[in-house]
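S.K.: what follows is a predicted structure for the sequence shown.
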Amino acid sequence: MIRCLVRLVLVALPALSGCLGQAQTGQGKFVIVGMGTAADLITVRGQRVVAQADILLAEEGAIKEMWSGLVGGKQVWEWPHSLRKFYGADPAKVANETQRAEAIRLEATRRDLIAKITAAVRSGKTVACLQGGDPMMYGMTLFLELLPADVPTEIVPGVGAFQAASAALKRSPPYGYDTNAVILTMDDWPGRLDVNEKLMAAGSTMVFYTMNLDYPRLFEQLKRFYPPETPVAEVCDAGDPVHQRVIRSTVGRFLADVDYRALPANRHMLFVGKFLEVGQARKDFTPRVSEPAVKK
């Protein structure tokens, strides 16, 4: 009986999806779609949204390089690589003349793009903004901050690099024997309060998004807070069934073992923590709260 019910529900889902799509006909929306870290890691919902979209929006070159098969007859809009640069700054207060000119130009680019998106959505069109991985981690959610409040918006989450890389490691980062926190971070930026050395003091598992990461400086810091035998793993091209690879070392040996300069640019993540070896073994192996007895 249960199998029959499950089968009925699964059969009904496509029909329900079609009904929902018909109910929204004529109502435009701006949707950010997380496309996953590999072409086959897009979600079912993401596929549906992209298929139903009228306009695809992405960083320049991204659709041609990664998602050209999804275009069909749709319009394609692009934003420049530097769109986020100077975001939040007052261009008039940028001291350097060259940088000030760039800030003014990028502000105008953002304003013009938001005006195009707004006009398209208000005319009943769906604009799908395609972003690799999960857009909620270093993604371009600034579009939602800039759009007028009356423009309908949605975010479809994707499989991010942290999830894909953890799967490649076949270990769950929260399980670190005597730690359970996972800190996701990147290289230190000027003016930030939570610099990496402060975060390292707790001894938690650390995961680094590695764009422009200063490896020698980072490992000098790690050595001050983590024992040299602490395991380390570099995951390259996480989620890619062909190119994915894992490089293992330790805090003490990494710089000698790994040619970090040869790692694929912007396509690798660094994991530091005992979870890489202990798996789900925990120091608190005795349950903290007794489960009530199950009456049979």
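M.R.: Here it is on my side, so go on. Numbers count the residues shown, from 1 in each chain.

S.K.: use CA for all of it now, contacts and neighbours both
M.R.: Will do.

S.K.: in this protein, what helix or strand scores lowest on average pLDDT?
M.R.: helix 2-23 (a mean of 37; mean pLDDT, DSSP states H and E).

S.K.: number of residues surrounding residue 154?
M.R.: 12 (other Cα atoms under 10 Å).

S.K.: got it, and residue 244?
M.R.: 16.

S.K.: where does pLDDT dip in this structure?
M.R.: Judged by pLDDT under 70, the chain has its weakly predicted residues at 1-26, 285-296.

S.K.: mind giving me the domain ranges of it?
M.R.: 26-159, 162-278 (automatic domain parsing).

S.K.: got a list of what the residue nearest to residue 201 when sequence neighbours are not counted touches?
M.R.: Nearest residue to residue 201 in three dimensions, chain neighbours excluded: residue 225, at 6.1 Å (Cα to Cα, 6 or more residues apart in numbering). Neighbouring residues of residue 225 by Cα atoms under 8 Å, 6 or more residues apart in numbering: 200-201, 203.

S.K.: how about residue 125?
M.R.: 26-29, 53-55.

S.K.: can you show me the strands along this structure?
M.R.: 29-34, 55-59, 75-79, 126-131, 153-156, 182-185, 205-209, 231-236, 245-250, 268-272 (DSSP state E).

S.K.: switch those strands over to JSON lines; also include distance to residue 142.
M.R.: Converted to JSON lines, the strands of the chain look like this (distance: least, Cα to Cα, whole Å):
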{"stretch": "strand 29-34", "distance to residue 142": "11"}
{"stretch": "strand 55-59", "distance to residue 142": "13"}
{"stretch": "strand 75-79", "distance to residue 142": "12"}
{"stretch": "strand 126-131", "distance to residue 142": "12"}
{"stretch": "strand 153-156", "distance to residue 142": "12"}
{"stretch": "strand 182-185", "distance to residue 142": "20"}
{"stretch": "strand 205-209", "distance to residue 142": "20"}
{"stretch": "strand 231-236", "distance to residue 142": "28"}
{"stretch": "strand 245-250", "distance to residue 142": "32"}
{"stretch": "strand 268-272", "distance to residue 142": "24"}
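
S.K.: out of those strands, flag the one nearest residue 90.
M.R.: strand 75-79 (20.6 Å; Cα to Cα).

S.K.: which of the contacts of residue 225 sits closest to residue 49?
M.R.: Nearest member of the contacts of residue 225 to residue 49, counting by Cα to Cα, is residue 200, at 40.3 Å.

S.K.: circling back to that earlier point, and the contacts of residue 125, which is closest to residue 195?
M.R.: Scanning the contacts of residue 125 for proximity to residue 195, where the rule is Cα to Cα, the winner is residue 29, at 38.2 Å.

S.K.: bridged to the closest one, which residues?
M.R.: residue 126 (DSSP bridges).

S.K.: so how far is residue 143 from the closest residue to residue 141 other than its chain neighbours?
M.R.: Nearest residue to residue 141, sequence neighbours excluded (Cα to Cα, 6+ apart): residue 135, at 7.0 Å. From residue 135 across to residue 143, the span is 11 Å (Cα to Cα, to the nearest Å).
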